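Participant: After the sequence you'll find the predicted model.
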Amino acid sequence: MKQVIEINHLTKHYGIHRGVEDVSFCVEEGSIFGFLGPNGAGKSTTIRAMLGLLRFEQGRIQLFGKDIQKDKEAILREVGYMPSEAMFYPSMRVKEVIQLAADVRKKDCREEAAKLCDRLQIDPEKKIRELSLGNRKKVGIVCAMQHRPKLFVFDEPTSGLDPLIQREFFALIKEYVAEGTTCLLSTHVLSEVKNYCEKVAIMKEGKLQCVDTVAHMTKTSAKRIRMVRDGKEESFLFKGDLNELTQELAKQNLTDLQIEDPSLDEIFLHFYQ
């Protein structure tokens, strides 16, 4: 499978403050790749380095087989990027911001922009200062998508969006991906990764904890044990020999016992803790 993003041993420090250290992963063409971690984990730093928006000390980053430090302009023509906090001129109208984004790319995006505004329920006549956080997010989505790039990079795109618009946003992503686009979705929302991503990289404190398929991560030998002992409810994750556990539990004064697979949320949170 062709690799759209290849990050090898990326290291970036901010003086004495933590950035990212020795981060490596690849994203395959035509996939939705989850980039997961709590706020401050290093996701945005990795993305900005990947797009040539900041210098890094060590490592190599390639997009579409080209080096970001050597071919930045050519690479960014094929990327639609939405930062976590997009800023627009407050006095401009929505349609003017969207047109400006298209003009920068020297493309006629009017047809695609109109479709996106309709699907995301955006009023193009409103001024930016009149918009809520969620509606400003929607304008950022249109600016990132309207030129139909080969790669979407979304950094926390759904904060502030109502559930119906979130669903429509992911429906749009799936439509573009079905036509060959690739998407890197940076988020701390576990349900988004579970529902839409095939593969995920998990960051914590500037370091990569895990890269795996969502399907494989669910195949764990760990079990969630729920029991009532001496009138008290207890619950814990157990990874070991269930025969030994049940023999030990048989000695206890149990009135109820459940053994079940852990949720994917619990599996993900294990990497955070």
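Facilitator: Nice, I can see it. Not measured: the values here are computed from a predicted model.
Participant: For the rest of this, base every contact and every neighbour count on C-alpha atoms.
Facilitator: Will do.
Participant: list the buried ones in stretch 33-47?
Facilitator: Along stretch 33-47, the positions that meet the burial threshold by neighbour count (16 or more other Cα atoms under 10 Å) are 33-38, 41-47.
Participant: tell me how far the ends of that stretch are from each other?
Facilitator: Distances were taken as Cα to Cα, to the nearest Å; on that basis the terminal residues of stretch 33-47 are 13 Å apart.
Participant: and it, what's its mean pLDDT?
Facilitator: When the per-residue pLDDT values of stretch 33-47 are averaged, the result is 90.
Participant: chain center to it, what's the gap?
Facilitator: Taking Cα atoms, centre = their mean, to the nearest Å, one finds the center of stretch 33-47 at 7 Å from the center of the full chain.
Participant: quick one on the thing from earlier: so which of the buried residues of stretch 33-47 belong to strands?
Facilitator: Counted as lying in strands by DSSP state E, out of the buried residues of stretch 33-47, are 33-36.
Participant: could the buried residues of stretch 33-47 be laid out in JSON lines, adding distance to residue 229?
Facilitator: As requested, the buried residues of stretch 33-47 are arranged in JSON lines below (distance: Cα to Cα, whole Å):
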{"residue": "33", "distance to residue 229": "43"}
{"residue": "34", "distance to residue 229": "40"}
{"residue": "35", "distance to residue 229": "40"}
{"residue": "36", "distance to residue 229": "37"}
{"residue": "37", "distance to residue 229": "36"}
{"residue": "38", "distance to residue 229": "35"}
{"residue": "41", "distance to residue 229": "39"}
{"residue": "42", "distance to residue 229": "42"}
{"residue": "43", "distance to residue 229": "43"}
{"residue": "44", "distance to residue 229": "46"}
{"residue": "45", "distance to residue 229": "47"}
{"residue": "46", "distance to residue 229": "47"}
{"residue": "47", "distance to residue 229": "49"}
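Participant: which SS class is residue 225?
Facilitator: Assigned state for residue 225: strand (three-state reduction, DSSP: H, G, I helix; E, B strand; the rest coil).
Participant: Select the longest helix from the chain.
Facilitator: Among the elements of the chain assigned as helix by DSSP state H, the one spanning the most residues is helix 163-178.
Participant: State the mean pLDDT of that helix.
Facilitator: The predicted model gives helix 163-178 an average pLDDT of 96.
Participant: can you give me the angle that helix makes with strand 32-36?
Facilitator: For helix 163-178 against strand 32-36, the angle by axes from the mean of the first three to the mean of the last three Cα atoms, to 10 degrees is 130 degrees.
Participant: Do a quick rundown of the strands in the stretch 51-200 of the chain.
Facilitator: Defined through DSSP state E, counting those that start in this stretch, the strands belonging to the stretch 51-200 of the chain, from first to last, are 58-63, 66-67, 79-82, 151-155, 182-187, 199-204.
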